[in-house]
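>>> Kindly return the folded structure for what I paste below:
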Amino acid sequence: MKKLITMLLLIPCLLSWQSPQNDEITLLIGTYTGKGSQGIYTCRFNQQSGEFSQPQLLVEVANPSFLTLSEDEKYLYAVSEGWQAPALNAYRYDSKTRSATLINSQPTHGGSPCHVALHQGYAYTANYMGGSLTAFKLGEDGALGEPQLKKFSTPELRSHIHGIFEAADRKSIYVTDLGCDAVYEITPPLTLRHTTHIEKGSGPRHMVVGKKMAYLINEYSGKVTQLKKSKEGLKVVASFPSDSVGGRGSADIHMSKDGRFLYASNRLKADGVSTFEVKRDGSLKKIAYTDTGIHPRNFNLTPNGRYLLVAERDSDQIEIFERDAKSGKLTPTGKKITLSMPVCLIWGE
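A predicted model of the protein is given here:
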């Protein structure tokens, strides 16, 4: 009987120990390599305590400013942002040893690739200076096929493609065009289905996509645009200010897993992160603003939602904020991961 009682008492402890939310996870960090960083870095992060290990170099590569992992985490893809030799790099990734081996690299044929996403057997890059989208057919071994290119610039407008985001039904991708103030819906590999026009001078940058609604952060206007999905594509519903001081540098956007809170980063003036409450009708109410270090570019929530990590490029650090699940508000922990020019944060096992 005593043994049975002991085992029953141990069950909650064992379940807690086995829970993914209690395990350490891997943070993969993309950087700009012009000042001190050498490529892609990893560190271990405890999403219960907020403790972390020091970053270690995973692979040496020029300007890996955006990264993505395959769904099974066997492959890692990283852009090499630049004008002279823009490329996408494919790596075989081992999550257990946290090591990566180059499979192949392909030119994007579009300058300054700044975003990469995977969709229906293709890898896509958003080429900021090229004003184009590049699609690479993926091999069974994760290798990149020959690049296919779609350009968006017009005689009147110069395109700056900035982000690629999969639709909730996974049948298409949304592509943001900062230069032409538009969001394109694309089906594989490069068929244009719909174009959504955003207010002139907005500068569409990054998106959060849900089943019925999507939210777009606009770099120049500093507004978050609420979009509703329809048969005719995305339709603009309303816009809500994130940058209230005219910094013209809004950067990234993420939503909590429960869909109750939305976060948006702002740069160039009063750098920080806006917190919005998402109402039942999908509209937003700005409830807080949290100061950060200099140039908060990309940021990410931990899978359990307890922490929000901000890549602060010009402060050479990743700042860690604790998040209140009930109020959505952020509190600085005082903990910072030091690394030269971090600009992209993604999670792995």
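
>>> Report the distance from stretch 89-109 to the chain centre.
19 Å (Cα atoms, centre = their mean, to the nearest Å).

>>> List the buried residues of it.
Neighbour counts over stretch 89-109 (16 or more other Cβ atoms under 10 Å) mark 89, 90, 91, 93, 98, 100, 103, 106, 108, 109 as buried. In this view, the C-beta of every residue, glycine as well, is placed from N, C-alpha and C.

>>> mind listing which of these are in strands?
Counted as lying in strands by DSSP state E, out of the buried residues of stretch 89-109, are 89, 90, 91, 93, 100, 103, 106.

>>> that older thread, could you export the buried residues of stretch 89-109 as a markdown table, including distance to residue 251 and pLDDT?
Below are these laid out as a markdown table (distance: Cβ to Cβ, whole Å; pLDDT from 0 to 100):
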| residue | distance to residue 251 | pLDDT |
| --- | --- | --- |
| 89 | 23 | 98 |
| 90 | 26 | 98 |
| 91 | 26 | 98 |
| 93 | 26 | 98 |
| 98 | 27 | 92 |
| 100 | 26 | 98 |
| 103 | 30 | 98 |
| 106 | 27 | 98 |
| 108 | 21 | 98 |
| 109 | 26 | 97 |
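
>>> now these in JSON lines, with distance to residue 201?
Shown next, in JSON lines, are those (distance: Cβ to Cβ, whole Å):
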{"residue": "89", "distance to residue 201": "34"}
{"residue": "90", "distance to residue 201": "37"}
{"residue": "91", "distance to residue 201": "39"}
{"residue": "93", "distance to residue 201": "40"}
{"residue": "98", "distance to residue 201": "43"}
{"residue": "100", "distance to residue 201": "40"}
{"residue": "103", "distance to residue 201": "41"}
{"residue": "106", "distance to residue 201": "34"}
{"residue": "108", "distance to residue 201": "27"}
{"residue": "109", "distance to residue 201": "29"}
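
>>> what sits against the residue nearest the centre of the chain?
A centroid search over the chain (Cα atoms, centre = their mean) returns residue 298, at 6.3 Å, as the residue closest to the centre. Applying Cβ atoms under 8 Å, 6 or more residues apart in numbering to residue 298 gives the contacts 30, 66, 251, 252, 265, 311, 343, 344, 345.

>>> hmm, back to that, could you work out the most separated pair of the buried residues of stretch 89-109?
98 and 109 (31.8 Å; Cβ to Cβ).
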